[in-house]
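>>> quick one, fold the following:
(4 chains)
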Protein chains: 2
Amino acid sequence: MTAVDATAKPLRSDARRNRDKIVAAARVAVAAAGGDTALEDVARAAGVGIGTLYRHFPTRTDLLEAVFLEEIDALTTQAERLAAADEPGSALEAWLRANLEFGSRGQCLGSSVLTAKKTEGTPANAAYGRMREAAAVLLARAQASGAVRADIDLTDVMRLVHGIVLVNASAPDPERQARMFDLVVAGIRT
Amino acid sequence: MTAVDATAKPLRSDARRNRDKIVAAARVAVAAAGGDTALEDVARAAGVGIGTLYRHFPTRTDLLEAVFLEEIDALTTQAERLAAADEPGSALEAWLRANLEFGSRGQCLGSSVLTAKKTEGTPANAAYGRMREAAAVLLARAQASGAVRADIDLTDVMRLVHGIVLVNASAPDPERQARMFDLVVAGIRT
DNA sequence: AAACTATACGGAGGATGCCTCCACTTCACA
DNA sequence: TGTGAAGTGGAGGCATCCTCCGTATAGTTT
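Residues are numbered from 1 along each chain as shown, chains lettered A, B, ... in the order given. Take a look at the predicted model:
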């Protein structure tokens, strides 16, 4: 399930090891200090030179993508599971809510993952694509069941949820966030 | 109408002049390069030392607030005008849409102005308060007319709109933005 | 197992931006 | 015109970014 890009030639063993160490360190750092952690700190925590970090992840976004890859995968499997639920309407809602919570934890991923889909061929791109497909099924079912308006675009809704995350990032307020989410849900209902 | 803090002692003439030059330069810079322009550039463009800039605006947010003060005032007067409209429901919608467009122009203001209300006594705070009051009237009327749900919180809605701006900031797409806005509007309707 | 080479490592260092501090300048008022 | 309060400006300390290239090593070949 973990996304691996089969087209790229495999990394040398030491490189692979370093890459993993960097992602692990980044995961910790991002959880602790948000998406604008100093990359030098990440490198140090990973026991790796800054040059190595940049070799593996030319941009900060690349690194963040790698960090969030598995969470994206988790959202995907959840979507796939929910696709079999009895009530398509609430299944979609539940999944969107999961999105919201994922976003709250990894606020930073924000624009990063959103722009991930742009560069084709990357693992992040593939993972994102799979998630979209699974989510599309969810939406289609909810629409077919009559619970959700037929003229709703998946990306619009996901971005709205994402917007809620962004707006609440600086001063988190769970209740407000929940109310805002409910507003969006109300907006997509028939 | 321009917000002036009466409690603060007036600036010396040269200081006043410099302040204005800085804000003007910042307005240009922000429009061109977004909210994370280098402050040194702004100072240079204003023909002023970086120290002077920091004296007037200790934080980046302070500067952004000043930049957007008059747009906030414009939104306020528009809200006041719309409070007399025939259809309170569409009046509210129109005002929210104005918010959206204002946000699209000055994407950056984002979190800045949102947090502005925190520090009492500042001109920005006062302007923001006036805007909120005018908007609250708009919302109350819309609710009284039955067009908008009674359990809607003004801040929630404004933040949602703001979220739309943020999410669309990196890759602007007017149509998508409009659709997302419509979703929110649908969510607050009765 | 030794030699070889593509691959990867690491960190010094130049560039940029942030923000503070304080010696100097200017305004405004008597 | 003299004086002090208010204001100015930019050097400099600090943090972070990112590149570049000499050095090290994994994996392959003989």
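>>> could you report the neighbour count for A:Val165?
Neighbour count for A:Val165, taken as other C-beta atoms under 10 Å in any protein chain shown: 26. C-beta: built from backbone N, CA, C; applies to glycine.
>>> also A:Ala84?
A:Ala84 has 9 neighbouring residues, counting by other C-beta under 10 Å.
>>> do the same with A:Ala32
Applying other C-beta under 10 Å, I find that A:Ala32 has 9 neighbouring residues.
>>> what does A:Arg17 give?
12.
>>> same thing with A:Gly47?
Counted with other C-beta under 10 Å, the neighbours of A:Gly47 add up to 11.
>>> please apply the same query to the one 10 residues further on.
By other C-beta under 10 Å, the residues close to A:Phe57 number 21.
>>> where do the helices sit along chain A?
Secondary structure of chain A (DSSP state H): helices at A:13-33, A:39-46, A:50-56, A:60-82, A:88-105, A:109-116, A:123-144, A:154-167, A:174-188.
>>> could those helices go into JSON lines alongside mean pLDDT and distance to chain B?
Shown next, in JSON lines, are the helices of chain A (pLDDT from 0 to 100; distance: least, C-beta to the nearest C-beta, whole Å):
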{"stretch": "helix A:13-33", "mean pLDDT": "94", "distance to chain B": "17"}
{"stretch": "helix A:39-46", "mean pLDDT": "97", "distance to chain B": "17"}
{"stretch": "helix A:50-56", "mean pLDDT": "98", "distance to chain B": "21"}
{"stretch": "helix A:60-82", "mean pLDDT": "90", "distance to chain B": "11"}
{"stretch": "helix A:88-105", "mean pLDDT": "90", "distance to chain B": "11"}
{"stretch": "helix A:109-116", "mean pLDDT": "51", "distance to chain B": "5"}
{"stretch": "helix A:123-144", "mean pLDDT": "92", "distance to chain B": "13"}
{"stretch": "helix A:154-167", "mean pLDDT": "91", "distance to chain B": "3"}
{"stretch": "helix A:174-188", "mean pLDDT": "96", "distance to chain B": "3"}
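>>> just those: most buried one?
With neighbours taken as mean count of other C-beta atoms under 10 Å in any protein chain shown, the helices of chain A reach their highest mean count in helix A:154-167, at a mean of 23.
>>> please tabulate the helices of chain A in CSV, including the columns distance to B:Pro88.
Below are the helices of chain A laid out as CSV (distance: least, C-beta to C-beta, whole Å):
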stretch, distance to B:Pro88
helix A:13-33, 45
helix A:39-46, 51
helix A:50-56, 56
helix A:60-82, 39
helix A:88-105, 30
helix A:109-116, 35
helix A:123-144, 32
helix A:154-167, 25
helix A:174-188, 19
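>>> roughly how far apart are the nearest residue to A:Gly89 once chain neighbours are set aside and chain B?
Spatial nearest neighbour of A:Gly89, excluding adjacent residues (C-beta to C-beta, 6 or more residues apart in numbering or on different chains): A:Ala147 at 2.8 Å. In this structure, A:Ala147 and chain B are 14 Å apart, going by C-beta to the nearest C-beta, to the nearest Å.
>>> around A:Ala147, how many other residues sit close by?
18.
>>> how close does it get to B:Thr190?
Using C-beta to C-beta, to the nearest Å, A:Ala147 is found at 19 Å from B:Thr190.
>>> picking that back up, right, and the residue nearest to A:Gly89 touches A:Asp86 too?
No - with contacts counted by C-beta atoms under 8 Å, A:Ala147 stays clear of A:Asp86, the gap being 11.8 Å.
>>> list the contacts for the residue nearest to the spatial centre of chain A?
Nearest to the mean C-alpha position of chain A, by C-alpha atoms, centre = their mean, lies A:Ile72 at 4.5 Å. Taking C-beta atoms under 8 Å, 6 or more residues apart in numbering or on different chains, we find A:Ile72 in contact with A:Val113, A:Ala124, A:Ala127, A:Tyr128, A:Met131.
>>> now, the most widely separated pair of those?
Maximum pairwise distance in those, criterion C-beta to C-beta, is 10.5 Å, between A:Ala124 and A:Met131.
>>> ok so, going back, closest one of the contacts of A:Ile72 to B:Asn168?
Of the contacts of A:Ile72, the one sitting nearest to B:Asn168 (C-beta to C-beta) turns out to be A:Val113, at 15.5 Å.
>>> coming back round to it: list the contacts for the residue nearest to A:Gly89?
Contacts of A:Ala147 by C-beta under 8 Å, 6+ apart are A:Glu87, A:Pro88, A:Gly89, A:Ser90, A:Leu92, A:Arg189, A:Thr190.
>>> contacting residues for the residue nearest to A:Ala186 when sequence neighbours are not counted?
Excluding its sequence neighbours, the residue lying closest to A:Ala186 (C-beta to C-beta, 6+ apart) is B:Gly187, at 4.2 Å. Contacts for B:Gly187 (C-beta under 8 Å, 6+ apart) come out as A:Leu183, A:Val184, A:Val185, A:Ala186, A:Gly187, A:Ile188.
>>> got it, and A:Ala142?
Applying C-beta under 8 Å, 6+ apart, the residues near A:Ala142 are A:Pro88, A:Gly89, A:Ala91, A:Leu92, A:Val148.
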